[in-house]
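Student: Here is my input, please return the structure:
(chains A, B, C and D, ligands or ions: 2)
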Amino acid sequence: MRIGVTVFPGSNCDRDALHAVERAGATPVELWHAEAELKAVDAVVVPGGFSYGDYLRPGAIARFAKVMGPLEEFAKGGGPVLGVCNGFQVLLEAHLLPGALLRNTGMRFVSRRVRTRIEKTDTPWTALYGEGETITLPVAHNEGNYYADEGTIRELEEEGRVVLRYLENPNGSANDIAGICNEARNVVGLMPHPERVSDPALGSEEGLRVFRSVLAAAGAKV
Amino acid sequence: MNIQETYTSLGLSDFEYDRILELMGRPPNYLELSLFSVMWSEHCGYKNSRPLLRRFPNTGPRVLQGPGENAGVIEVGEGWALAFKMESHNHPSAVEPYEGAATGVGGIIRDVIAMGARPVALLNALRFGPLDDERNRYLFREVVRGIGGYGNAIGVPTVGGEVEFSPAYSGNPLVNAMCVGLIRADEVVRAKAEAGEGNLVVLFGAKTGRDGIHGATFASDELTEESEAKRSNVQVGDPFAGKMLIECSLRLLERNLLVALQDLGAAGIASSASEMAARGGVGIELDAEKVPLREEGMEAWEVVISESQERMLAVVEPEKADEVLKVCERYELDAAVVGRVTSHGELRVFDNGEPIGSVPAEALADAPVYEREVRRPAYLDGAHRFDPDALPEPDDYNEVLLRMLAHPNLCSRASVYEQYDSEVGSDTVVRPGADAAVLRIKGTKLGFAVTADVSGRHCYLDPRGGGAAAVAEAYRNLSCVGAEPVALTDCLNFGSPEKPDGYYGLSECVDGMAEACEVLGTPVVSGNVSLFNETERGAIYPTPAVGMVGVFEDVSRHATPGFKREGDMVVHLGDYRPTLAGSDYLEIVHGKVAGKPEQPRLPREKEYADLVKSLVAEGIVDTAHDVSGGGLAVALAEMSITGGIGMTFDRVEVEPMLSGRRGDQALFGECGGHFVVAVPEERWDALQEALGGVPYDQIGRTGGDRLDVPGLLDVAVDDLRAAHERDLFEQHAPEGGHLG
Amino acid sequence: MKNALKVRVLVRPKRGILDPQGEAVKRALPALGFSGVGAVHIGRLIELEVESADEVEGMCRRLLANPTTEEYEWEVVS
Amino acid sequence: MKNALKVRVLVRPKRGILDPQGEAVKRALPALGFSGVGAVHIGRLIELEVESADEVEGMCRRLLANPTTEEYEWEVVS
Ligand SMILES: Nc1ncnc2c1ncn2[C@@H]1O[C@H](COP(=O)(O)OP(=O)(O)O)[C@@H](O)[C@H]1O
Ligand SMILES: [Mg+2]
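Tutor: Ligands and ions are numbered 1, 2, ... in the order given. Take a look at the predicted model:
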């Protein structure tokens, strides 16, 4: 299986994501922002970082990058797409997911480990977790405060589209939302960084199943 | 302005001007004078510190590159090497803290890139005035935000540092940034314009504007009311461009397109070009009009000394120039051929073909050297006459410990380092909060550890001992996580060298550091000097900052300070000769900075630290902490708090430790050279055997939820934590300037 | 650019949307001795030079403001 | 607040000071299909309700703008 990782100017977790993909047992493929092609990948990770410096708004400029055209098609066609941190912001700006990420209520960048709960396992990115399972994940962001209008939040909750929830909310997110998926459930955005806890050498492998899940999902389909 | 006013305003002395006349054989024009002004400033030319720096040992079996290049380089193993350096950005941060700190980080990153290394870790050492003052709070908050703002965006983890507060730094904060880069040992790039004549000089990165013109001279002056007026010099960092510059530089090197690479720092293109020329023994000609500009109407002299950030200068073979420009385009950076390497040995600047300045590169690189007068300051005798026994002994040690743990100098630094991304890169094995940060090298079992340590108060009370103590503390911190300390970089933050008692502090500190480096076997491979850290109120403490790097053969064998299990045996090892002289306790509880701290016993420091390191490396110990600020009680409290497990002293052990000592001395006295480790009972025999002849005491056991030293202390771990986990930005309403 | 128009775009948080920055400023003002301040809102000021104003509306909608959380207005200032 | 004045403060990078945000947006625009855009500058819009306009100048100087790198202007809008 080939998993692509987009690289925008200013992405900085791209190498980490490629490493995690490799550890999960898939073939990592770099997707350069200026090339409008997905190189026949089976899934795409939009990694964290500060695409275009986070200038204007995080993700606002990156969503117009050339690679985003085919990526949007891929997502709409049901291809598994994961946005992590800045990648989540990009997917929101591209309207592949609803809502927005506002400045943290504490007005500071937060980098720490937080306990979270896996709420839904019926997405290609969470299939290998147990529903209700608690995992500890790193967060590192300035704008991770999830916001959507009341109707949207209600819809997300009712349709079971809140995929990951903070047990220790680090940023003021509505309903402690740490991650959501689209209606078709193939596009997932997460604020915490599973790729940073995907290697036992760093003391935790709790995030690796995110990448293994998409492999397993593909295996089941083939 | 007459000529004397001109060179004086550029920071040059009469003596220096005469020397320039002699070297040039004619009067210099304004551009040439500007070049001398920046290249002969302390920041670039080390004119007051060069003879002192020669005292540092700088060779060793793992040293691949000592001082003199953009960064020092040491060998790790399996062909891997680390490039690292520390640098100050004190003055810019005093004027504009956010951008000053941010550009400090950007600048040190580029030094590491210039060696061809990928930046993989950042650290910082910070000093501010006390937080009860609004301006100090503002500087602290914005400096931390600036460090994070740059480091987080650029994707290099900030893994460690140091921060303390003292009135000695009010108005003159210290902002020292350190960067470590990873590189293949056989791919180290040197900033020499070698391969001589005919090669081209390429500038790439951000466009050039009027940023920080004469910033280097500014950094070498005392801070006065007037420097407020020089504010238009502030440089603004662009981490986004910085990130592109990292990736672009590494790509150019990987594709073997460059002959030499040099970052642009103080005095911009002119300074970088003259350094490259001097190192390579060649000349360089620059065409000012070829430089991509951000602003209109810039004069040629402004163009070549502008300090716009996020730029690099490379020497390129002519046939590869097009390819270089193409790579830069891929990363959306401006790039242009702005000059060529020649054999005439001069740095020559042209403006549309007209020569507008020409100076021998050697002359610029050869700043005059001053041996300053040394006089032992009078305050030392007074400070040393202090008698700790004259202090009243507290009657409630619980309360004293809680107060100390909550003090800004001893409380948790989490509110600082949680603003830094410490994990990006996925190599951080031990995150901030331990004695040193630990990182792995992907694809190997190898790793390295880094720490930054500073000893301002100690140096104030005893410059020589304090200099040695900073090096020794760094050595201990690395040993505690299980790394073999290898080499260090330093940043010497001092007052004016023109004042004989100020120069005494500098000279003595350097001697103390040099001696410790000799004994501990950790050479100095790079560094930076920041003098004239004075305000109208006087000089800062003599404050050398040490950034030390150590290596692991097997990074999975490392230790952290937190207690890990109930029932572990807690062992104190090393020297125990606690003194209150110069201690945190004395300053926090009694408001005194006085006494003569214990002299470090360097050979023993080494023996004990090496032992701790090997205990960790052999897998006997996974819990270790050195005893430093706040003494034994604070060290144990930190181990309890981070581990979430209490500890009880054995009654029989307390007696000998106390013998003839007051409770405060035993609990809070400081001396260096000692450690606390914890092991499960089944490894107790192995530990005793490994300890050999080293002095040690099994002082108690982990367990429960209290820290209990019978007769002296008995506090719940939760209370310790509540005191310790204090947010240093509590009153963090943005007071004054910049919303962020 | 010849004959450029200067356009000013103001982007502000939509009514009812959390504005942590505005809140922080509001809290800071009394500490600095400024009383009598009510609501504070912080947004973005964008100044552009354009050849024609035709595309400004599109730029605002698609790029300069986020319709989920922000509203905008723009005018040609010279 | 009764009888509040609405004040609008515009804060922008000082002339000559690098404006990385503006630069990045300007560079990105053509790729997004917006051509014919010259200089772009990005600053802050601050809207406040105050009882009197007397203190606005002080607020700008001390908190709302960073005098080292930014310039500001303000007006009462209603
Ligand atoms: N300015 C800072 N930036 C990042 N980390 C910091 C900073 N100051 C302190 N730390 C981290 O907090 C921990 C405790 O620091 P310190 O008390 O100085 O340790 P030690 O006494 O072992 O040198 C260390 O892990 C250190 O790296
Ligand atoms: Mg320590």
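Student: what about the chain, any weak spots by pLDDT?
Tutor: Defaulting to chain A. Scanning chain A for pLDDT under 70 picks out the ranges A:220-222.
Student: Sorry, I should have been clearer: chain C.
Tutor: Where chain C drops to pLDDT under 70, the residues are C:1-2.
Student: got the residues of it near chain A?
Tutor: Counting by Cβ under 8 Å from any Cβ of the partner chain, chain C comes close to chain A at C:I17, C:L18, C:P20, C:Q21, C:A24, C:R44, C:L63, C:L64, C:N66, C:T68, C:T69. Placement of C-beta: from N, CA and C, glycine included.
Student: The last one - how many residues pack around it?
Tutor: When you say that, I think you mean C:T69. By other Cβ atoms under 10 Å in any protein chain shown, the residues close to C:T69 number 21.
Student: And the fifth one, by the same measure?
Tutor: The tally of other residues near C:A24 (other Cβ under 10 Å) stands at 21.
Student: about what we covered before: tell me which of the residues of chain C next to chain A is nearest to B:S306?
Tutor: C:R44 (28.8 Å; Cβ to Cβ).
Student: where does that closest one land in three-state SS?
Tutor: In three-state terms, and counting by DSSP: H, G, I helix; E, B strand; the rest coil, C:R44 is strand.
Student: before we move on, back to that, narrow the residues of chain C next to chain A to those in helices?
Tutor: C:P20, C:Q21, C:A24 (DSSP state H).
Student: sorry, back to before: give me the subset of the residues of chain C next to chain A touching chain D.
Tutor: C:R44, C:L63.
Student: In PyMOL, select just the buried ones from the residues of chain C next to chain A.
Tutor: Applied in PyMOL, the following selects the buried portion of the residues of chain C next to chain A according to 16 or more other Cβ atoms under 10 Å in any protein chain shown:
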select buried, chain C and resi 17+18+20+21+24+44+63+64+66+68+69
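Student: Show me which pair in the residues of chain C next to chain A is furthest apart.
Tutor: Spatial extent of these (Cβ to Cβ) is set by the pair C:A24 and C:L63 at 26.4 Å.
Student: The lengthiest helix in chain A near chain B anywhere?
Tutor: Longest helix in chain A by number of residues (criterion: DSSP H): helix A:208-221. No - Helix A:208-221 stays clear of chain B (Cβ under 8 Å from any Cβ), getting no nearer than 11.7 Å.
Student: pLDDT score for B:D501?
Tutor: At B:D501, the model reports a pLDDT of 90.
Student: okay, now it: neighbour count?
Tutor: Neighbour number of B:D501 under other Cβ under 10 Å is 16.
Student: phi, psi of it?
Tutor: When read as degrees, to the nearest 10, the backbone of B:D501 gives phi -80, psi -20.
Student: List the contacts of it.
Tutor: Contacts here follow Cβ atoms under 8 Å, 6 or more residues apart in numbering or on different chains; on that basis B:D501 touches B:R375, B:R376, B:P377, B:A378.
Student: just checking, the second one touches B:Y503?
Tutor: No - the pair formed by B:R376 and B:Y503 falls short of the contact definition of Cβ atoms under 8 Å, at 10.6 Å.
Student: higher neighbour count, those two?
Tutor: A count of neighbours by other Cβ under 10 Å puts B:Y503 above the other of B:R376 and B:Y503, at 24 against 13.
Student: need the contact list for the more buried one.
Tutor: Taking Cβ under 8 Å, 6+ apart, one finds B:N48, B:R372, B:E373, B:V374, B:R375, B:P497 in contact with B:Y503.
Student: Tell me the confidence at B:K230?
Tutor: pLDDT recorded at B:K230 is 41.
Student: Fine, thanks again, bye for now.
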